[in-house]
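Engineer: Sequence first, predicted model second:
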Amino acid sequence: MLKRPGEFEREPVVRIADADRSDLFGRGLEYNPPARGVWNIVHMGLLVPESHQVYVCAQGCLRGVTLTVAENGTMDRLSWVSLSEEDMFDATLESDVVDGVAEVIEKLEKKPRAVMIFLSCMHLFAGADYEVILDELRERFSDIEFIDCYMTPTMRETFSPVVWLIRRMCALIKPLPLDRKYVSLIGCDRATDEESEMVKLIRQGGFELLDINSCKSYDEYMELGKSALVLTYMPTAVTGAEELCETTGAQHLHIPNAFDTRVIRDNLLRLCGALGIDACDFDENEKAAKAALDHARQTIGDTAIAIDFTAVTRPFELALVLCEHGFNVKTVIADEVGEDADAFDRLAKEFPDIEICSAKNVNMLYAADGEHEKTLAIGQKAAWFFATDSFVDIVSNGGLYGFEGIKKLAALMEQAYLFPKDRKTVIQQKGWGCECNAQI
Amino acid sequence: MKNVSRILPCYAADTSGVCSALYELGGMTVIHDASGCNSTYTTHDEPRWYDRRSMVFISALTEMDAIMGNDERLISDTVAAAKDLSPGFIALCGSPMPMMTGVDFDAIACEVEARSGIRTFGFHTNGTRHYTEGVSEALEAVLREYAAEMPKAEGIGVNVLGLTPLDFPLGADDSINSWLRNNGFVPVADLAMGSTLEDIKKAASAKVDLVVSSSGLAAAEYMLERFGINYVTGIPVGGRFGSELAENIRQAASATDHGCVFSQGMGFDENTDSGSTVIIGEGIASMSLARALGSELGMDCTVICPLGADDLVFRGAAKDITSEEEIEAYLGKTLPKTVIADPLYSYVVPEGTRHISLPHLAFSGRSYKNEIKDLVNTDIKELFK
């Protein structure tokens, strides 16, 4: 017989007022819900133009990456070298990588500008010498840039795979004479909304925004090395940007993707300062965002809302803003608290009955099958767990930013409420926005 | 190098094989790994994941647990989940990192069983082998555990061994059972699509095991050794080969030694490579198709089995070619008229050679999922003319 809340060994749901934000659910076995929109390291690596990825791993690990490119039509940009038990003790760990990568390069019709070599947990544990691998390859192929990358999920608590990949992607960028007319945006896996205040400030100030999402060639990507100002708003990009700035001498400014209007205003003012332009008055932008939320509230009414951490990087902050505008936020799906700890604390105090659901707890296995009141979901995992076709389909903030981002998110909520989606097809597509050949 | 691929994907790994084989049996399968094995399995290797619940989880192994040999965490987390979900059994299987650190899954399974009171299996997967090995180990284990001596079913009872969505489209269990009934046989248990643990407990009441993929061979050997049940290998593809297979089952039901339909007459001339058609895929499926195409269309087929060909079944009938490099070189050298293979093999099919698409989930995952053909009891002339 299925257990009821309060009877589980590991509870999958906790009331926010009762939650320990340093450890929401404890550790345990993990469930994997079928929502696939979040980009993985293959998708992100593909953003480097004219690059080729080579994964050196066990078959089980290769399977996922090779089918990622099979599904998005980029099989010609990824190759692999498989590892076996014997490779761990026959003294060929490094030479197999060198020979395998060399063979791949020789077989490619067009030589890549850069080869990203993804080593695995097995290499780290076996103490593989990466420098030997890279030195040898650089000697053999002097016209190709080689960079060591890592698919090491076992080490995810030491190095987050995404943080690590952004660092390596940044490491490809070589210093150029700095030019104050250029601003680089680092660590986004989709273009930022052109109508956002951030992009407008940059463009209207006469600056050019350089972003990997708009780079068509490796040379264009290298141009990111000339920007005097490097921006980040994704938390996973901070370390990579800092290291890039150490190399190039550029200034780094982190302006996190927030929903709290005070933080947004502060971000934009700091951006104006870094650009050396006059501070703008953002009152009208803020008013427009609030009006959009009010309009959405009128449409959506008291419908229950569930927000998940894959949709936005600050789910608790979004929940707080929506609650303050009268929305009926009932659930936040997250297994940890990130940048928005302050919002979490305020929610716990002011809206203590909001529930936090784990996305990984094994007792969420049957969550989608239960009876749910009509729910508007923000994010694919929320759509899955609450079995609703009314959902905002975005991941990683969806390119939205600032007051304009709130305005557009409010519109997306209204659309989601009014026009249900084909949940099964939409959420199972791997890598939001990528081409998807999969037959779902 | 045999372990290098420029463009082709790799086949599903042994961990996915265990999970797929046990999916419908009411147990809880735990992959001891950080995260990727489960996400890959549930995204690409398991077409039932969205619509049908099964307790397949990951242990979320961390660097510190691996370094410190913290098996206690796996044990206590598994026991806690079992208390919450009450599975019929527990299966633990390994991935590359436990292989590196020498995790003893048999010992951990004993400990989990002692603490939970639930039968627990330890499987010896490591993520470096093909799915066929995982399916094989899992099917043999459940038969060893649950199949009990019992009177034979009336008529010729048949178990189907090696049936998983990695090799067959969903619904293939119905097609095969329907074919069995139409030929006067009595389906007993399908391992492991469409059957329950209760069905499997009755498996020894069958008179013949029909092995439909190489993943079912170990289970068939066990059933032969333990219960004296003969087995026949093959998939009923096409009318003529289907009839031949049905006749083999009848003979196996009354014979004292086991039958193996591919043991003779399936070879090709090693020196001439004269096959005008090359089939690439899982061994028993490909050999069945080759036989059917030969008998119905007069096609001369060569089989390449990149998953490795079991000597008992193939005896030199399939090419021992496994890597992208070898397959590409072989096709380039022999320039066959036709290649029948998963669509993703198109990257190595020579120009001028016709490529007939035969999607295989264990290779291309979801990419052509809706085009996977149910070859059982269908008119292959229409499919391949």
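Structural biologist: Great, that's in hand. Numbers count the residues shown, from 1 in each chain, chains lettered A, B, ... in the order given.
Engineer: Output the lowest-mean-pLDDT helix or strand in chain A in CSV with nothing but the alpha carbons.
Structural biologist: Every helix and strand of chain A was ranked by mean pLDDT, DSSP states H and E. The lowest is helix A:121-126, at a mean of 88. Extracted in CSV, the C-alpha atoms of helix A:121-126 (Å, rounded to 0.1, in the frame of the first residue of the first chain):
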residue,chain,number,x,y,z
CYS,A,121,35.4,9.9,-13.7
MET,A,122,37.5,6.8,-14.6
HIS,A,123,40.4,9.0,-15.7
LEU,A,124,40.3,11.1,-12.6
PHE,A,125,40.2,8.1,-10.3
ALA,A,126,43.0,6.3,-12.2
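Engineer: Whether whichever helix or strand comes after that helix contacts chain B - can you check?
Structural biologist: Later in the chain than helix A:121-126, the nearest helix or strand by DSSP states H and E is helix A:130-140. No - Helix A:130-140 lies apart from chain B when judged by C-beta under 8 Å from any C-beta of the partner chain; the minimum separation is 14.3 Å. Where C-beta positions appear, they are placed from N, C-alpha and C, glycine not excepted.
Engineer: so what does helix A:130-140 touch, helix or strand wise?
Structural biologist: On a contact count with 3 or more C-beta pairs under 8 Å, 6 or more residues apart in numbering or on different chains; DSSP states H and E, helix A:130-140 meets helix A:93-107, strand A:114-120, strand A:145-151.
Engineer: So for the least confident helix or strand of chain A, what gets flagged as buried?
Structural biologist: For helix A:121-126, burial by neighbour count (16 or more other C-beta atoms under 10 Å in any protein chain shown) applies to A:Cys121, A:Met122, A:His123, A:Leu124, A:Phe125.
Engineer: Enumerate every residue touching the third one.
Structural biologist: What that stands for is A:His123. A:His123 makes contacts with A:Val56, A:Leu93, A:Val97, A:Tyr130, as judged by C-beta atoms under 8 Å, 6 or more residues apart in numbering or on different chains.
Engineer: Would you check how far apart it and chain B are?
Structural biologist: Between A:His123 and chain B the distance is 10 Å, computed by C-beta to the nearest C-beta, to the nearest Å.
Engineer: So which residues on the stretch 51-200 of chain B come close to chain A?
Structural biologist: B:53, B:55, B:57-64, B:66, B:73, B:77-78, B:80-81, B:83-86, B:95-97, B:99-101, B:126-130.
Engineer: where does the closest residue to chain A within the stretch 51-200 of chain B land on pLDDT?
Structural biologist: Going by C-beta to the nearest C-beta, chain A is nearest to B:Gly127 of the stretch 51-200 of chain B, at 3.0 Å. On pLDDT, B:Gly127 comes in at 95.
Engineer: can you confirm it is in a helix?
Structural biologist: No - using DSSP: H, G, I helix; E, B strand; the rest coil, the secondary structure at B:Gly127 is coil, not a helix.
Engineer: nearest spatial neighbour of the residue nearest in space to the middle of chain B, skipping sequence neighbours?
Structural biologist: Computing the C-alpha centroid of chain B and ranking residues by C-alpha atoms, centre = their mean puts B:Ser215 first, at 4.0 Å. Computed as C-beta to C-beta, 6 or more residues apart in numbering or on different chains, the closest residue to B:Ser215 that is not its neighbour in sequence is B:Val135, at 3.6 Å.
Engineer: What helices and strands are in contact with the helix or strand that neighbour falls within?
Structural biologist: Under the criterion of DSSP H and E, B:Val135 resides in helix B:131-146. Helices and strands touching helix B:131-146, as assessed by 3+ C-beta pairs under 8 Å, 6+ apart, comprise helix B:14-22, strand B:120-123, strand B:185-191, helix B:197-201, helix B:217-227.
Engineer: most packed of these?
Structural biologist: helix B:14-22 (a mean of 32; mean count of other C-beta atoms under 10 Å in any protein chain shown).
Engineer: residues touching the residue nearest the centre of chain A, list them.
Structural biologist: Geometric centre of chain A, nearest residue: A:Ser396, 4.8 Å, by C-alpha atoms, centre = their mean. Residues counted as contacts of A:Ser396 (C-beta under 8 Å, 6+ apart) are A:Val38, A:Trp39, A:Cys188, A:Asp189, A:Arg190, A:Met234, A:Thr310, A:Thr313, A:Trp432.
Engineer: tally of neighbours for the third one?
Structural biologist: Around A:Cys188 sit 24 other residues, with neighbours defined as other C-beta atoms under 10 Å in any protein chain shown.
Engineer: any idea how far B:Ile235 is from A:Met122?
Structural biologist: B:Ile235 is 37 Å from A:Met122, where distance means C-beta to C-beta, to the nearest Å.
Engineer: for A:Glu355, same thing?
Structural biologist: Noted for A:Glu355: a distance of 40 Å to A:Met122, by C-beta to C-beta.
Engineer: what do you get for B:Ala218?
Structural biologist: 27 Å.
Engineer: for A:Asp90, same thing?
Structural biologist: 13 Å.
Engineer: In the stretch 201-350 of chain B, what residue lies closest to chain A?
Structural biologist: Closest point on the stretch 201-350 of chain B to chain A, by C-beta to the nearest C-beta, is B:Leu344, at 6.2 Å.
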